[in-house]
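In: Let me see the structure of the following:
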Amino acid sequence: MNKRLHKNIRTIYLLGFFHSFMVVVPVFVPLLQGYGLSMSQVMQTQALFALTIALFEVPSGYLADLWGRRNAILVGSALNALGFLSLLGADSFVDFLFYEFLLGLGFSLISGTDLALLYDTEVYLHENRLPGGAGASRSLSRLIAVEAGASGVAGIAASLLLLWSLDALVLVQAFTGLAPLLLALVLVEVPRPRAQQGHRDNARQVFALLLFGKPVVLWTAFAIAVFGLLAVYAFWIYQKHWEFHGIAIDHFGYIWAAFALTVSLAARYASNLEQYLGTRRLLYLVGLLPLCGLVGMALSSGWAGVLFGFAIQFSRGLSMSLFYEALNRRVPGDFRATVNSLVSLAVRAVFIVTGPLLGVALDSLGVNSTLLLLAAVFAPLIFVVLLPLLARIHREESADNPQAAPAA
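Out: Reported below is the predicted structural model:
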């Protein structure tokens with residue numbers, strides 16, 4: 001049993017790799033436009049994806065806490081595999097909506113559950129003094145780095161497959177989409193006591209934890225939501241931005257790979273950078289970088305605009321590693337998947353409404369004006385979230401270490 005638990009860590013890394021190895025993503029916008037979809041329709045497919053996750057994210061996270069992380073990941077991987085297989089015959093707006101619906105169901109079951117299972121495994125091995133991985137916090141950073149690295153590899157693969165055709169991309173995606181389902185069969189559930197109270201009491205305890213528990217938990221959740229939403233917007237603007245500035249589609253995959261590698265390295269070394277700069281300076285850097293990236297992309301042309309995108313990606317890697325580790329460290333194991341799902345829900349819920357509006361803005365205002373609009377909206381949001389978070393981190397540290405309070 002202990003050996004199988006130890007293998008959980010490596011298996012979850014592999015799961016994260018193949019879940020993020022999506023060769024269709026670096027050219028998804030041109031792919032759908034090739035079937036006659038407008039940018040507005042492209043964003044409508046993503047709004048359906050977000051709506052599906054919004055409806056099932058929290059129930060699936062709760063089920064993962066209640067019935068087991070392994071079962072949730074297994075069912076989610078099966079749904080994702082069906083979604084990728086459906087892409088083989090997709091050639092209309094309705095077909096792509098169905099594809100996004102299946103993926104939304106699958107990702108809602110997996111999102112947050114893999115993080116919770118990885119964290120549970122590391123904590124169990126540590127508490128029982130068994131050989132484990134790198135520790136709970138470092139394992140989360142490594143998982144984020146692995147997922148970002150997988151996106152980079154997928155980007156390179158996409159550019160190479162484009163030498164044949166877009167159909168080759170879809171075929172490879174359908175094949176590799178089966179890998180997570182096979183890996184999920186190897187996972188082992190971590191032994192942990194199940195809560196004996198009713199569903200209403202569980203829900204009350206989760207919301208009490210978020211709203212009235214440690215203040216850092218709530219503000220960390222807000223930070224994840226704000227930075228996650230910004231990353232989703234940038235994610236769907238990148239390809240349109242490159243297309244607008246005359247970057248050849250053959251280069252999209254390589255740029256995507258470099259962007260993903262940036263996220264991977266930032267996530268991998270976030271804790272080291274925090275030790276060097278300190279939490280306050282690092283959080284200010286996390287807040288300033290995406291704003292500089294948005295404005296730089298809007299005011300630059302050609303490859304110079306592409307380079308500014310790296311600032312957004314570097315901030316993304318840092319924020320994911322720092323915020324998710326901080327959140328999971330403060331949340332009890334019984335509700336870890338539920339809380340992770342609630343945070344993801346916040347991003348998806350806002351995107352349901354604003355995603356199609358982003359598509360309309362891109363079609364009507366253009367790429368550069370849309371980027372400046374996003375910078376104007378997110379500049380106050382970022383600092384409204386970061387300043388209270390820093391204040392509450394300081395209070396928590398002072399409470400935990402009263403002797404250090406005067407010096408701080």
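In: okay, CA-based contacts and neighbour counts for the rest of this
Out: Noted.
In: Could you find the closest non-adjacent residue to Ser319?
Out: Closest residue to Ser319 apart from its sequence neighbours, by C-alpha to C-alpha, 6 or more residues apart in numbering: Val286 at 6.5 Å.
In: what's around that neighbour, how many residues?
Out: Neighbourhood size, Val286 [other C-alpha atoms under 10 Å]: 23.
In: any idea how far it is from Thr370?
Out: 21 Å (C-alpha to C-alpha, to the nearest Å).
In: What of Val94?
Out: Applying C-alpha to C-alpha to Val94 and Thr370 gives a distance of 27 Å.
In: More neighbours: which of these two?
Out: For Val94 versus Thr370, neighbours defined as other C-alpha under 10 Å are more numerous around Thr370 (21 against 11).
In: list the contacts for that one?
Out: Leu358, Ala361, Leu362 (C-alpha atoms under 8 Å, 6 or more residues apart in numbering).
In: doesn't Glu243 make contact with Ile249?
Out: Yes: look at Ile249 against Glu243 with C-alpha atoms under 8 Å: they come within range, at 7.4 Å.
In: centre of the chain versus the helix or strand containing Leu373, how much separation?
Out: With secondary structure defined by DSSP states H and E, Leu373 is part of helix 367-400. Put simply, helix 367-400 sits 18 Å off its chain's centre (C-alpha atoms, centre = their mean, to the nearest Å).
In: and that helix, which residues are buried?
Out: By neighbour count on 16 or more other C-alpha atoms under 10 Å, the buried set for helix 367-400 is 367-375, 378, 381-383, 385-386, 389-390, 392-395, 398.
In: Can you pull out the low-pLDDT segments for the chain?
Out: 1-4, 57-66, 129-137, 192-217, 328-342, 345, 394, 396-408 (pLDDT under 70).
In: Go through the contacts of Thr370 and flag which are in strands.
Out: Among those, DSSP state E puts none in strands.
In: Highest neighbour count among these?
Out: Highest count within the contacts of Thr370 by other C-alpha under 10 Å belongs to Leu358, 22 neighbours.
In: That one reaches Gln44, doesn't it?
Out: No: Leu358 lies out of contact with Gln44 (C-alpha under 8 Å); the separation is 9.8 Å.
In: For Ala346, which residues are in contact?
Out: Counting by C-alpha under 8 Å, 6+ apart, Ala346 touches Ala54, Ala225.
In: mind checking which helix or strand Ser301 is in?
Out: Using DSSP H and E, Ser301 maps to neither a helix nor a strand.
In: Go ahead and confirm Ala266 touches Leu322.
Out: No: if you go by C-alpha under 8 Å, Ala266 and Leu322 don't touch, sitting 10.3 Å apart.
In: Name the residue in those two with the higher neighbour count.
Out: Neighbour count, other C-alpha under 10 Å: between Ala266 and Leu322, Ala266 has more, with 26 against 23.
In: nearest spatial neighbour of the more buried one, skipping sequence neighbours?
Out: Gly317 (4.8 Å).
In: Could you check which helix or strand contains the one you found?
Out: helix 303-330.
In: packing partners for that helix?
Out: Here helix 303-330 touches helix 136-161, helix 215-244, helix 252-268, helix 270-277, helix 279-299, going by 3 or more C-alpha pairs under 8 Å, 6 or more residues apart in numbering; DSSP states H and E.
In: Quick one: closest of those to Leu102.
Out: Each of the helices and strands packed on helix 303-330 was scored for nearness to Leu102 using C-alpha to C-alpha, and the closest is helix 215-244 (19.2 Å).
In: Any buried residues in that closest one, and which?
Out: The neighbour-count check on helix 215-244 (16+ other C-alpha under 10 Å) flags 215-231, 233-243 as buried.
In: Same check on stretch 282-302?
Out: 282-283, 285-298, 301.
In: and that stretch, how far from the chain's centre?
Out: On C-alpha atoms, centre = their mean, the centre of stretch 282-302 falls 19 Å from the chain's centre.
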